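*Asks:* compute the structure for the input listed below.
(4 chains)
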Protein chains: 2
Amino acid sequence: MVASAAELVRRNGIAGTGFRDVVEHSGTPRGSISHHFPGGKRQMVSEAVRLSGAHAATIMSHAEQDGPAAALAEICNVFRRSLVATDYAAGCPVGAVAQEGWREPELREAASEVFDEWRRILRGLMRERGWSEERAEDMADLAVCAFEGALLMCRIDRSTAPLDHVEHLLGPMLEAG
Amino acid sequence: MVASAAELVRRNGIAGTGFRDVVEHSGTPRGSISHHFPGGKRQMVSEAVRLSGAHAATIMSHAEQDGPAAALAEICNVFRRSLVATDYAAGCPVGAVAQEGWREPELREAASEVFDEWRRILRGLMRERGWSEERAEDMADLAVCAFEGALLMCRIDRSTAPLDHVEHLLGPMLEAG
DNA sequence: GTCTATACGAAGATAGAC
DNA sequence: GTCTATCTTCGTATAGAC
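*Replies:* Numbering: from 1, shown residues only, chains lettered A, B, ... in the order given. As a prediction, the model looks like this:
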């Protein structure tokens, strides 16, 4: 059910995703919403963001023995496939929450923790490549910003070009300390 | 009225911005909505995006005699001031539409044209610095992606650091061809 | 636990008076 | 042109039956 929520939010946004859609998409019983999510929609979206964020972090970590550029390439590949497979409907659920749900402290907190983890992973990989702590932090910021922005722009362009460009330009930069 | 819509959309998103809020914010008469916007909310948001996009393009163009890094710095400065002045409520209206309104062809088209103009401006400035057409295109993509992503992240972090990092890391890259 | 029905509020669109 | 009132839709939350 949380996975369904994440999938719908990344496509239609928070406001565009109702409980109705989630129960339909997940096939779960309609009457158990308030039982599983006493915190209402906020709680559901919050859990969806954390789930997606952890999933992405796992993907990046899988490539961590190959360095920061490989980690970036890996996560770009996964999202690029999603974009193409859904005809550019599937963006990033964390970005959606960052745009629509930042006023809700619970959602802002969830998105914040996800972004922090992503940056922490990239920072660690760059440190291993000899970057200074400060430069690694700045570059990790740039990488996550560019990644999130690229997902936005790919949907508008109906093309994976922005994501491709980010990956190919930023990858080498992350390697050279 | 369009300016009010743009201001409200960049803060609260499309779904979070009702006609009610717009007439209140702009002080315009409530009964003339459908007269000025026969196309409904879509039309209003579409015009708001184009207005904001053109405004940002003008800002970048003001610094164009000083090169691409100066243009980037100028637009970053303007949005950084907005972020701080509104306690991180004011993001980018074009980004909001890219996230929430991409399904509406009219809105997607408007956002697409705005992004294209921004990239065209940066590409032109980089060409003057001796970049090849292809590299200039890729770097312009990266710059706009990073800028949009930074505005997202600044709100979540409640800090201008992501935007600062993007500006300081990307600026020099745009200069050196 | 799961389900149905409903209350409550919000928002967009529309019609008609002045 | 401007305004008020209303219609309709939709989504969340809640209460109560099985």
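
*Asks:* chain center to the helix or strand containing A:Val84, what's the gap?
*Replies:* Using DSSP states H and E, A:Val84 sits in helix A:68-85. Taking C-alpha atoms, centre = their mean, to the nearest Å, the mean C-alpha location of helix A:68-85 is offset from the chain mean by 11 Å.

*Asks:* cool, stretch A:51-69 as well?
*Replies:* 11 Å.

*Asks:* the helix holding A:Val84 vs chain B: in contact?
*Replies:* No. On the criterion C-beta under 8 Å from any C-beta of the partner chain, helix A:68-85 is out of touch with chain B, staying 11.7 Å away. Quick note: C-beta positions are derived from backbone N, CA and C, even for glycine.

*Asks:* that helix: which residues count as buried?
*Replies:* For helix A:68-85, burial by neighbour count (16 or more other C-beta atoms under 10 Å in any protein chain shown) applies to A:68-76, A:79-80, A:82-83.

*Asks:* which residues are in contact with the helix or strand of chain A with the lowest mean pLDDT?
*Replies:* One helix or strand of chain A scores below all others by mean pLDDT, DSSP states H and E: helix A:33-36, with a mean of 91. Identification of contacts with helix A:33-36 by C-beta atoms under 8 Å, 6 or more residues apart in numbering or on different chains yields A:1, A:19, A:23, A:40.

*Asks:* isn't the first one right next to A:Val22, touching?
*Replies:* This means A:Met1. Yes. In this structure A:Met1 lies within contact range of A:Val22 using C-beta atoms under 8 Å: 6.5 Å.

*Asks:* looking at these two, which one has more neighbours?
*Replies:* A:Val22 (24 against 19; other C-beta atoms under 10 Å in any protein chain shown).

*Asks:* which helix or strand contains the more buried one?
*Replies:* helix A:19-26.

*Asks:* do that helix and DNA strand C meet?
*Replies:* No. Residues of helix A:19-26 contacting DNA strand C under C-beta under 7 Å from any atom of the strand: none, with a closest distance of 8.0 Å.

*Asks:* against which helices or strands is that helix packed?
*Replies:* helix A:2-12, helix A:40-62 (3 or more C-beta pairs under 8 Å, 6 or more residues apart in numbering or on different chains; DSSP states H and E).

*Asks:* separation between the nearest residue to A:Ser112 once chain neighbours are set aside and A:Met126?
*Replies:* Excluding its sequence neighbours, the residue lying closest to A:Ser112 (C-beta to C-beta, 6 or more residues apart in numbering or on different chains) is B:Ile156, at 5.0 Å. Counting by C-beta to C-beta, to the nearest Å, the gap from B:Ile156 to A:Met126 is 21 Å.

*Asks:* where does pLDDT dip in chain A?
*Replies:* A:177 (pLDDT under 70).

*Asks:* got the residues of it near DNA strand C?
*Replies:* For chain A, the contact set with DNA strand C under C-beta under 7 Å from any atom of the strand comprises A:28-32, A:35-36.

*Asks:* any of these buried? List them.
*Replies:* Buried among the residues of chain A next to DNA strand C by 16+ other C-beta under 10 Å: none.

*Asks:* quick one on the thing from earlier: restricting to C-alpha, output the least confident helix or strand of chain A in PDB.
*Replies:* C-alpha atoms of helix A:33-36 as PDB (Å, rounded to 0.1, in the frame of the first residue of the first chain):
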ATOM      1  CA  ILE A  33      -7.200   2.900   5.500                       C
ATOM      2  CA  SER A  34      -7.600   4.700   8.900                       C
ATOM      3  CA  HIS A  35      -6.600   1.500  10.600                       C
ATOM      4  CA  HIS A  36      -3.200   1.300   8.800                       C
END
